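Chemist: What shape does this take:
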Amino acid sequence: MKRRLTLGLLGLGPLSFMASKIPSLDNPIVDNLIKRWKRSKEYTLAVLDTMPAEELEFKPSQEQMSFAQHFMHIGFTNNSFIGILMDQKTYPDFNAMMQADFFLELPDPINLFQPDFLQERAPEDNKTLVSGYVSKTFDYVIESLESVRDQSLTQGLDKIKPWYLEGHTNLDLILRAESHTAHHRAQAVSYLRVKGIRPPGYSKYNTL
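Modeler: Alright, predicted model coming up:
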């Protein structure tokens with residue numbers, strides 16, 4: 001009997017797995033958001049990869065973030081906004097949020113808001129570390145959204161958050177993270193242009 005039950009479960013396993021991969025018709029908005037974030041990940045990593053490793057720390061002026069910093073900042077902010085959405089805890093200010101368990105480990109204790117440089121190591125190693133971190137933070141967003149349902153998008157308005165996220169619903173947090181990504185990625189694209197490097201085409205990476 002136990003063997004028969006085991007075989008039955010094994011038979012259902014592949015079906016269950018396939019079913020989990022089929023977009024839910026009950027969540028068309030979230031399904032679209034996930035598609036967008038997947039494409040955004042591809043384009044963001046393509047922009048990062050276009051800059052030669054030895055130019056990763058380039059900045060047009062001393063007051064600006066370096067090319068690498070923009071991507072670290074993107075990853076951290078996506079991690080924080082979606083972390084706040086998913087976490088049951090509340091975070092009244094930035095300092096409280098910085099203690100949250102949802103943060104992925106940074107490859108460097110680099111300043112994510114003011115001009116700074118990565119630790120001294122081979123340029124190729126730094127590029128690998130930055131790319132890996134950015135990829136993991138996008139995966140965190142995408143995997144988190146897979147558990148979100150359309151009906152919950154309008155919720156979260158009254159949840160206690162840092163002042164700069166007050167009044168944000170769950171959908172606002174998702175869209176705010178996406179627009180923030182576009183904002184910093186566009187600056188990185190301009191850095192490529194300053195260096196005379198042609199950036200990857202936008203449309204190629206943003207069709208659905």
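Chemist: Could you list the low-confidence segments of the protein?
Modeler: Flagging of the chain using pLDDT under 70 yields the residue ranges 1-25.
Chemist: three-state assignment of the residue nearest in space to the middle of the chain?
Modeler: Note on the chain: the residue nearest the mean C-alpha position is residue 138, at 3.2 Å, using CA atoms, centre = their mean. Here residue 138 is recorded as helix under DSSP: H, G, I helix; E, B strand; the rest coil.
Chemist: That one reaches residue 43, doesn't it?
Modeler: No. At 10.5 Å, residue 138 does not count as touching residue 43 under the criterion of CB atoms under 8 Å. (Glycine included, C-beta is placed from N, CA and C.)
Chemist: Would you mark the buried spots in the longest helix seen in the chain?
Modeler: Looking across the chain with DSSP state H, the single longest helix is helix 170-194. Under the neighbour-count criterion of 16 or more other CB atoms under 10 Å, helix 170-194 has 170-175, 177-178, 181, 184-185, 188-189, 191-192 buried.
Chemist: between those, which is nearest residue 131?
Modeler: residue 188 (12.8 Å; CB to CB).
Chemist: which one is that closest one nearest to, not counting chain neighbours?
Modeler: Nearest residue to residue 188, sequence neighbours excluded (CB to CB, 6 or more residues apart in numbering): residue 70, at 4.7 Å.
Chemist: and the one you found, what does it touch?
Modeler: Listed by CB atoms under 8 Å, 6 or more residues apart in numbering, the contact set of residue 70 reads 184-185, 187-188, 191.
Chemist: Now do the SS call for residue 124.
Modeler: Following three-state DSSP, the label given to residue 124 is helix.
Chemist: thought it was touching residue 53?
Modeler: Yes. At 4.8 Å, residue 124 and residue 53 qualify as touching, with contact defined as CB under 8 Å.
Chemist: Between the two, point out the one with more neighbours.
Modeler: Using other CB atoms under 10 Å, the more surrounded residue of residue 124 and residue 53 is residue 53, with 16 against 12.
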